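S.K.: coords below, sequence missing:
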């Protein structure tokens, strides 16, 4: 299965305030009062006044993102971060191969990253997206890591997150569907006691 992510994640109130009135900003609710803003070409153009550029070179530590973070976009995220930490997250996986990368702004400047990883052979908490989410203030919970704790496994591509936001869905909605399915598939004596870890890297 494939997974693709290009999004800004921050406190839901912060993102709501900064994107109020934008035509192409769709906020998708996550757990712990965070929200995800899917990054589309239309959104980048609305935010910066210019169409986005994408690298055609091989990604790596020196060039971690497909999306070129232009000076205008960097300045905008720096400005947003004066109200609280803001992260840009990218990931792309297909057939178990891929990468993830992340960067965090705080107090008007880059505070962490960019970090890039395609091996993912270090402890989970050190993976780029988990590292960024920890710096946003994501608290540990019953899920396997911050990625799954917020619910970033619930949609697999930008279109899914756009639909998630437009429909006003929450992570609880998907949890309830999973619990209902499990209830229908097994007897009462087999019900789990709580949320279980999702797949390797937080994707079922």
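M.R.: Nice, thanks for sending it over. Computed from a prediction, not measured in an experiment: that's the story for all the values here.

S.K.: list the contacts of the closest residue to residue 106 other than its chain neighbours.
M.R.: In space, and not counting its chain neighbours, residue 106 is closest to residue 85: 4.5 Å by Cβ to Cβ, 6 or more residues apart in numbering. Where you see a C-beta, it was placed from the backbone N, CA and C, and this is true even at glycine. Neighbour list for residue 85: 10, 11, 104, 105, 106, 111, 135, 136, 137 [criterion: Cβ atoms under 8 Å, 6 or more residues apart in numbering].

S.K.: for ChimeraX, what selects the buried ones among those?
M.R.: Per 16 or more other Cβ atoms under 10 Å, the buried members of the contacts of residue 85 correspond to this ChimeraX selection:
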select :10,11,104,105,106,135,136
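
S.K.: identify, from the contacts of residue 85, the entry nearest to residue 39.
M.R.: residue 10 (12.6 Å; Cβ to Cβ).

S.K.: I'd like the secondary structure assignment at that closest one, please.
M.R.: With DSSP: H, G, I helix; E, B strand; the rest coil as the basis, residue 10 sits in strand.

S.K.: ok, now which ones touch it?
M.R.: Residue 10 sits in contact with 34, 35, 37, 80, 84, 85, 86, 87, 136, where contact means Cβ under 8 Å, 6+ apart.

S.K.: which ones among these lie within strands?
M.R.: 34, 35, 37, 86, 87 (DSSP state E).

S.K.: could I get the residues you listed as CSV with pLDDT?
M.R.: Output for those, formatted as CSV (pLDDT from 0 to 100):
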residue, pLDDT
34, 97
35, 97
37, 97
86, 98
87, 98
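
S.K.: and residue 23, how many residues sit next to it?
M.R.: Using other Cβ atoms under 10 Å, residue 23 has 8 neighbouring residues.

S.K.: what does the pLDDT read for residue 95?
M.R.: At residue 95, the pLDDT value in this model is 77.

S.K.: so what's it up against?
M.R.: By Cβ under 8 Å, 6+ apart, the contact list for residue 95 reads residue 2.

S.K.: next, it: phi, psi?
M.R.: phi 60, psi 30 (degrees, to the nearest 10).

S.K.: which strand or helix spans residue 148?
M.R.: helix 146-150 (DSSP states H and E).

S.K.: what helices and strands are in contact with that helix?
M.R.: helix 128-136 (3 or more Cβ pairs under 8 Å, 6 or more residues apart in numbering; DSSP states H and E).

S.K.: and the helix it packs on, how far out from the chain's middle?
M.R.: In terms of Cα atoms, centre = their mean, to the nearest Å, the centre of helix 128-136 is found 10 Å from the chain centre.

S.K.: and what of stretch 63-81?
M.R.: Relative to its chain's centre, stretch 63-81 lies at 16 Å (Cα atoms, centre = their mean).

S.K.: distance between the ends of that stretch?
M.R.: 22 Å (Cα to Cα, to the nearest Å).

S.K.: quick revisit: take the contacts of residue 85 and lay them out in a markdown table including distance to residue 53.
M.R.: Formatted as a markdown table, those follow (distance: Cβ to Cβ, whole Å):
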| residue | distance to residue 53 |
| --- | --- |
| 10 | 23 |
| 11 | 28 |
| 104 | 22 |
| 105 | 20 |
| 106 | 25 |
| 111 | 24 |
| 135 | 26 |
| 136 | 26 |
| 137 | 31 |
